[in-house]
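Q: Got a sequence here, can you build the structure:
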Amino acid sequence: MIDFTTAKSFLEKIESNLKLLGIHLDDYFIDHICYRVASIDRYEELKAYLEKDHLLLHEAMISNRPIATFKFNEAIKYKHHQIPLIELPAPKGEVSYEEGFEHIECVIAESFVDFSNKHSEIEFDWKGAQKKHNPELRVKLGELSVKFHHASLEDVIAKELS
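A: Numbers count the residues shown, from 1 in each chain. I've put the predicted structure just below:
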């Protein structure tokens, strides 16, 4: 259903690309990994598959499509990281995605301005930095990306549900 053995090579690719930019993944908590699908049918299939062994924390309509977040029964292990969550977004409308791991999200303590100043040679995508709900600063790595937030997705969901 989801080949989690590919997560390691995906994370290695992310880590090596970030390292070239001067960002060391070891310095940050990876709060979740995102797995994209090509169709709403595939979304429903994988959501049902994940629900068998993992806890559905939340499913919400975001940008006119459902996104489900699951907490793993056993976190994905990558080096010293323990990644507790997987995000499963349905595709946006008619946009087609290749199935597979697409991005990770990390928690940072400093402001987006301070973080970007510390890495001034990087061209950050600031589009999501002004969002009211879980603002983000993104680094594009070709087809992959890393998003930086101030709160973990699990904390954001818990706050929404309380």
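
Q: which residue sits closest to residue 78, ignoring its sequence neighbours?
A: residue 11 (4.7 Å; CB to CB, 6 or more residues apart in numbering). Using the backbone N, CA and C atoms, a C-beta is placed for each residue, glycine as well.

Q: what's the helix or strand for that neighbour?
A: Element membership of residue 11, judged by DSSP states H and E, is helix 6-20.

Q: Mind listing what's buried along the helix or strand just after that helix?
A: Next helix or strand after helix 6-20 toward the C-terminus (DSSP H and E): strand 29-36. For strand 29-36, burial by neighbour count (16 or more other CB atoms under 10 Å) applies to 30-36.

Q: With just CA atoms, put the biggest strand by length in the chain into PDB.
A: Longest strand in the chain, counting residues (DSSP state E): strand 65-78. Taking C-alpha atoms only, strand 65-78 is exported to PDB below (Å, rounded to 0.1, in the frame of the first residue of the first chain):
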ATOM      1  CA  ARG A  65      -9.700  18.900  -0.500                       C
ATOM      2  CA  PRO A  66      -9.500  16.500   2.500                       C
ATOM      3  CA  ILE A  67      -6.200  16.000   4.300                       C
ATOM      4  CA  ALA A  68      -5.800  13.200   6.900                       C
ATOM      5  CA  THR A  69      -3.100  13.200   9.500                       C
ATOM      6  CA  PHE A  70      -2.200   9.900  11.200                       C
ATOM      7  CA  LYS A  71       0.000   9.200  14.200                       C
ATOM      8  CA  PHE A  72       2.100   6.100  13.700                       C
ATOM      9  CA  ASN A  73       1.900   3.300  16.200                       C
ATOM     10  CA  GLU A  74       5.600   3.100  15.700                       C
ATOM     11  CA  ALA A  75       7.400   6.300  14.500                       C
ATOM     12  CA  ILE A  76       9.400   6.300  11.300                       C
ATOM     13  CA  LYS A  77      13.000   6.100  12.400                       C
ATOM     14  CA  TYR A  78      15.700   8.000  10.500                       C
END
